[in-house]
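1. Sharing a model that was predicted from the sequence below.
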Protein chains: 2
Amino acid sequence: MTQTELPLGTYLFYRLSQVTKTVFGVPGDFNLNLLEHIYNFNEAEIKWCGNCNELNAGYAADGYSRLNQFGCFITTFGVGELSALNAVAGSFAENAPVLHIVGTSSTSAKTNSTFNHIHHLIPSKKTYEASDHGVYERLVEPFSIRTEILSGKSLGKIQEQIDSLIEDIVCHMKPGYLFIPSDLPDIIIPVDLTKSLDFDLCRILQVNEKNTKFVVDNTLRKLYGAKNPAIIVDQFMKFDGKEVNEFLRKTKFYCYSTNSSRGIVDETLPNFHGVFNGRISTEGTLQIFDENDFVLYLGANINETNFFGGESSILKDKDCILVGKDYAQLGFGGDLMYDVNCHVFFKQLICGVDFSLLPQIRIRTQTARYNADYGVLKEDSHLSQKSFSTIVSSFIKDNDVIINEMCSFMFEMPNIRYKKNCSFVGQPFYGSIGYGIPATLGASLAIKDLKMQGRAILFQGDGSAQMTLQEFASFIRFEIDPVVFLLNNDGYGVERVIKGPNRTYNNIAVKWDWTNLLSVFGDFDHSKSFSLKATTAGELMEALASGIDFKDGKVKILEVILGRMDVPDRFKKIAGVAEKENNT
Amino acid sequence: MTQTELPLGTYLFYRLSQVTKTVFGVPGDFNLNLLEHIYNFNEAEIKWCGNCNELNAGYAADGYSRLNQFGCFITTFGVGELSALNAVAGSFAENAPVLHIVGTSSTSAKTNSTFNHIHHLIPSKKTYEASDHGVYERLVEPFSIRTEILSGKSLGKIQEQIDSLIEDIVCHMKPGYLFIPSDLPDIIIPVDLTKSLDFDLCRILQVNEKNTKFVVDNTLRKLYGAKNPAIIVDQFMKFDGKEVNEFLRKTKFYCYSTNSSRGIVDETLPNFHGVFNGRISTEGTLQIFDENDFVLYLGANINETNFFGGESSILKDKDCILVGKDYAQLGFGGDLMYDVNCHVFFKQLICGVDFSLLPQIRIRTQTARYNADYGVLKEDSHLSQKSFSTIVSSFIKDNDVIINEMCSFMFEMPNIRYKKNCSFVGQPFYGSIGYGIPATLGASLAIKDLKMQGRAILFQGDGSAQMTLQEFASFIRFEIDPVVFLLNNDGYGVERVIKGPNRTYNNIAVKWDWTNLLSVFGDFDHSKSFSLKATTAGELMEALASGIDFKDGKVKILEVILGRMDVPDRFKKIAGVAEKENNT
Ligand SMILES: Cc1ncc(C[n+]2csc(CCOP(=O)(O)OP(=O)(O)O)c2C)c(N)n1
Ligand SMILES: Cc1ncc(C[n+]2csc(CCOP(=O)(O)OP(=O)(O)O)c2C)c(N)n1
């Protein structure tokens, strides 16, 4: 142990700078003491990105974490942290590794029993009772994989609290919480700077070696015996894209992604056959899937939207093995084997496999149809979800980061085949609208920080945009250059199709002028953004083909006018089911 | 019992229409079945006001409740309800009676144990475990005075559940929660339509009669014996403005309001002497307060900001009786007498008082100075918090509804003397920034619904405005006509004064063009709004004096340019204290 001493706040940002270059958030009097310490570092090490509100900060950190595998944001006591809770819930549900740091009331206020009714803190129900300074800290339990509450009492423990928290967040791919009383950031704590963060999944996730070996052996046996096995690569394989793709390239096994795993599997592989999503998989995928006599479901993230409606029959009739984050299952619905992790499993699988025993697979000449059946584009016809899908398919390039709001176009996503090394950022399961714009800020800053090649491309509904649109101002402030397709269908299309097509509750504010928004959001001289509106396919194609340089440092807002009730076919199927389910 | 039958959703809106004319919120697939039922009523009975996001909906309902004594908003499962939690916390902390209705997962999804991982619901920490459909419902306990979770099981109980919930919310002046599974709104329930809501405080608050009588007797004895008694009227007297003002007019007792009770006491009374707020009371108030030999602190809402810093010495040395919502205290810091309610207490006091025994009070010729010392306005000098305060004082008229964001101007508020029948809407204690704009929507709709006389006047900081500014679009959509003073001091002034005056964390997005905002938020032809920017006192005065008709149906945005570090003197005092407290 090489002990040294540092102010708590300085140590925190020192450690954070090893896993992120940007910290999001909003200041408040309970976190100012902490924020001061970020200025002990230069901007290349770690920097502050102030957001317009805390929900947006949470979404931005989530967006950042999707590319960087760690995101962080800071809020203030009560007012700030509660505003962001929905973003953290989203990170939890979508497996995004985000650290939410909260500046809380001071250690002395917390322990003052005579008068502790301080601002931002809800009082007790009996007005004469003391306030509960721990009320917000207890609240986050279901949303936090690990929560650390710093106190002035055991300074020697603080390094370990901070380090383990970061390690857990990264390894679990789940959010965690750090509560720091306002008086502690300047306090000097003992730290060992030779210690480094340790992301050993086996230690952190408590992997069961025996079970893992058992599942590996069984999987190998199945693979050796199969004629045409397939792999579904799901979200918990996020850490392993490179190895997975190598394996798939080598074995030529048919492979599929899921809604929440888009971007892990290289979709340009000739053995890639679309997005598996039960009955609503990519057009043509299920017919191909029928040919597979064994399926390894790797990184399984089984839920309603990733797996469509809980509908299990397609897998029930299959010979399959599922390996998730913390379990495996031999046969869908079979007994659970606990503490098997897909990442650890896969490493052992590729170590143990004898390639000569694997079946020889012929590349299937025909793959899924995606949106191929939509027909030829008519340039002068009004844009529709279908023609837009076709245009998007040829617009997407290698390395693009595709951000998708939970608008109706989310249901078209499986029909868009990605190019090499594309990433997906979205909430196909949690589905909180408003995520798109701040997440694009986060993803765009990650692209900068990580010096990635790609463009950030956002697919944003107009109804959802309302929720968080002030964060467009941060696009200008932090000089990012995403392409935003603002899909304007005059209201909540998704809801209109489910119920009340003409009800006032499905209308949104009068008439947002999307193409002029940025001029009042900071780009007063139009030097930092470019906007246009497209009504016909021709207009949009021309815009995309013409002079617009997509790495020009400007925000691009392309407003796409769509019909009110025009939603992807896949959503129509789902809407029928949703109506039924919500009524039973 | 005259039983009849109605669909649950229809009964709910029928009952709500007796306490509110507007319901705020955002649709989602879990509440659409419920929303449909509002269309069984015409708009004059009860109507839907769709907001841009759920936090804003919660703030709007809170703003509405300040004038209407009840507010209501509806959100959807998870994504919606969590987004609004901070607004509900604010309502709880500021004693605003708001009902938050949440459309949740259906009763069948809730009880399905094999596959219940549905969208908007966070999964369990072990990915193989069932999801917990009650996780959000349990969360709200500290923020909710009463929570009702409807189920399909005891339909005969539902009327009672809904009615009691509304009664509790109104009588406690606190938010409550109603969770309605998505499959229940159409279900037929038995109801008794002859039953009416019963707001009997004694029943609902469980008032202790003996204690109440004891405190009334003691208070009368004190009042009869005092030479110059005073009454501080605090927030929990909100129901009793009329009676309180009559009593004060009659007795001529010196009286004071508090930050959170502004608008209850008629500030034009010659015996009104300002806002009591410990050491930072209205300029001149404490000297006058010194003359009072007994103080009745009525409706006491004792907390840091309403009572400044917990600093009790000023009252400790006073002969005083405090009567709060659920307790009384003879002498500050004395023993608590439980279950005494200020409203019930006051009714008994005015019934029992023998006016002939009360001391005769002479009206004091000099009252508090408020902002009188700020000197003469120089028309061509740059606007400052002080000159702005002076201008505002003469701008305010009878019946105005004054909405104050938690920006630095909040600390100038005590220096503005209100005219007759003014109301105050704000969060001086909870202090969540972003409240102002949506609360102005709510208050303005309440003004319309209640056919009130006054104007809605919002004092809004630029930094806070960022948080929720999309709700300006609803100003246009719902055709309200508030006056908005957009106080632009280029960032977070309050924070700059506490720490980091030039730090990036106190900067906000580049350059909001406040006076052009509404043109892209729906008022494309400038028919529904009017904006101007004032840099000098003269410019602002001219604007206020000239052609602008303030009941013209238009939104008025008056951008006021202020210095970066220019904050009210009262805030400088507090900032010193805050720095110290956050560091200990
Ligand atoms: C925070 C939140 N509030 C409400 C919802 C319910 N919701 C889901 S989709 C949707 C409409 C989205 O509208 P838009 O972005 O215009 O996309 P469109 O459906 O028109 O394609 C709504 C209101 C939600 N998912 N999240
Ligand atoms: C939701 C929320 N986030 C953060 C804060 C901390 N905070 C209090 S005042 C303030 C600055 C407000 O700035 P502005 O509205 O411009 O008013 P000014 O202080 O400049 O007068 C901030 C960030 C808060 N109170 N609430």
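-> Sure, I can see it. What you see is a predicted model, and the numbers here were worked out from it, not measured in a lab. Ligands and ions are numbered 1, 2, ... in the order given.
2. Now do stretch A:377-385: distance to the chain's middle.
-> The chain centroid and the centroid of stretch A:377-385 are separated by 31 Å under CA atoms, centre = their mean, to the nearest Å.
3. State the distance spanning the first to the last residue of it.
-> 12 Å (CA to CA, to the nearest Å).
4. Please apply the same query to stretch A:113-127.
-> By CA to CA, one end of stretch A:113-127 lies 14 Å from the other end.
5. for stretch A:255-268, same thing?
-> So stretch A:255-268: terminal residues 11 Å apart, CA to CA.
6. Could you check it against chain B for contacts?
-> No: if you take CB under 8 Å from any CB of the partner chain as the test, stretch A:255-268 misses chain B, and the best it gets is 11.1 Å. C-beta: built from backbone N, CA, C; applies to glycine.
7. How far away from the center of its chain is that stretch?
-> Its chain's C-alpha centre lies 14 Å from the corresponding centre of stretch A:255-268 when counted by CA atoms, centre = their mean.
8. Repeat that for stretch A:510-525.
-> For stretch A:510-525, the separation from the chain centroid amounts to 28 Å (computed by CA atoms, centre = their mean).
9. Can you mark which positions in that stretch are buried?
-> Within stretch A:510-525, the residues scored as buried using 16 or more other CB atoms under 10 Å in any protein chain shown are A:510-524.
10. got it, and stretch A:447-455?
-> A:I447, A:K448, A:D449, A:M452, A:G454, A:R455.
11. now stretch A:159-178
-> Those buried within stretch A:159-178 under the rule 16+ other CB under 10 Å are A:159, A:162-178.
12. So which of those are in helices?
-> A:Q159, A:I162, A:D163, A:S164, A:L165, A:I166, A:E167, A:D168, A:I169, A:V170, A:C171, A:H172 (DSSP state H).
13. Distance of the fifth one relative to A:E94?
-> Meaning A:L165. 20 Å (CB to CB, to the nearest Å).
14. got it, and the third one?
-> Noted for A:D163: a distance of 25 Å to A:E94, by CB to CB.
15. same check, this time on A:F247
-> 25 Å.
16. Please identify which of these two sits among more neighbours.
-> A:E94 (27 against 20; other CB atoms under 10 Å in any protein chain shown).
17. what's the longest helix in chain A?
-> helix A:209-225.
18. which residues sit against that one?
-> With CB atoms under 8 Å, 6 or more residues apart in numbering or on different chains as the test, helix A:209-225 has contacts from A:229, A:294, A:296, A:319, A:321, A:323, A:328, A:330, A:337-341, A:344-345, A:348-349, A:352-354, A:357-359.
19. Apply 6 Å and report the result again.
-> For helix A:209-225, contacts defined as CB atoms under 6 Å, 6 or more residues apart in numbering or on different chains pick out A:229, A:294, A:321, A:328, A:337, A:340, A:344-345, A:348-349, A:352, A:357-358.
20. And stretch A:147-158, by the same measure?
-> By CB under 6 Å, 6+ apart, the residues outside stretch A:147-158 that reach it are A:T107, A:E137, A:Q161, A:L165, A:Y177, A:L178, A:F179, A:I180, A:L184, A:I189, A:P190.
21. ok, now which ones touch the second one?
-> Listed by CB under 6 Å, 6+ apart, the contact set of A:E137 reads A:I149, A:F179.
22. Same question for the first one.
-> By CB under 6 Å, 6+ apart, the residues touching A:T107 are A:G152, A:P181, A:D183.
23. Can you report phi and psi for the last one?
-> Main-chain dihedrals, A:D183, degrees, to the nearest 10: phi -90, psi 0.
24. Can you pull out the low-pLDDT segments for the stretch 251-400 of chain A?
-> Within the stretch 251-400 of chain A, the stretches with pLDDT under 70 are A:309-313.
25. where along it do the strands fall?
-> Applying DSSP state E, counting those that start in this stretch to the stretch 251-400 of chain A gives strands spanning A:254-257, A:272-275, A:294-298, A:320-323, A:327-330, A:336-338.
26. Can you tell me which helices and strands the first one packs against?
-> I take that to be strand A:254-257. strand A:229-233, strand A:272-275 (3 or more CB pairs under 6 Å, 6 or more residues apart in numbering or on different chains; DSSP states H and E).
27. what mean pLDDT does the longest one have?
-> Per-residue pLDDT over strand A:229-233 has a mean of 98.
28. any chance of the helices and strands packed on strand A:254-257 in TSV, plus mean neighbour count and distance to A:L205?
-> What follows is the helices and strands packed on strand A:254-257, written out as TSV (neighbours: other CB atoms under 10 Å in any protein chain shown; distance: least, CB to CB, whole Å):
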stretch	mean neighbour count	distance to A:L205
strand A:229-233	26	19
strand A:272-275	25	27
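29. Output these in TSV, with distance to ligand 2 appended to each entry.
-> Output for the helices and strands packed on strand A:254-257, formatted as TSV (distance: least, CB to the nearest ligand atom, whole Å):
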stretch	distance to ligand 2
strand A:229-233	40
strand A:272-275	39
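30. before we move on, back to that, out of the strands of the stretch 251-400 of chain A, which comes closest to ligand 1?
-> The closest of these to ligand 1 is strand A:272-275. By CB to the nearest ligand atom, the value is 19.0 Å.
31. Which elements pack onto the closest one?
-> For strand A:272-275, the packing partners by 3+ CB pairs under 6 Å, 6+ apart come out as strand A:254-257, helix A:285-289.
32. Any chance you could list what contacts stretch A:116-131?
-> A:77-79, A:105, A:109, A:113, B:89, B:92-93, B:303-305, B:324-327, B:336, B:429, B:431.
33. likewise stretch A:348-357?
-> A:V216, A:Y224, A:F247.
34. Point me to the helix or strand that includes the last one.
-> With elements taken from DSSP states H and E, the one containing A:F247 is helix A:241-251.
35. Identify the residues contacting that helix?
-> Outside of helix A:241-251, the residues within contact range by CB under 6 Å, 6+ apart are A:V233, A:M237, A:C255, A:I264, A:D266, A:L269, A:I350, A:L358.
36. The third one pairs with what?
-> What that stands for is A:C255. Beta-bridge pairing for A:C255 (DSSP bridges): A:I231, A:F272.
37. Nothing else from me, thank you.
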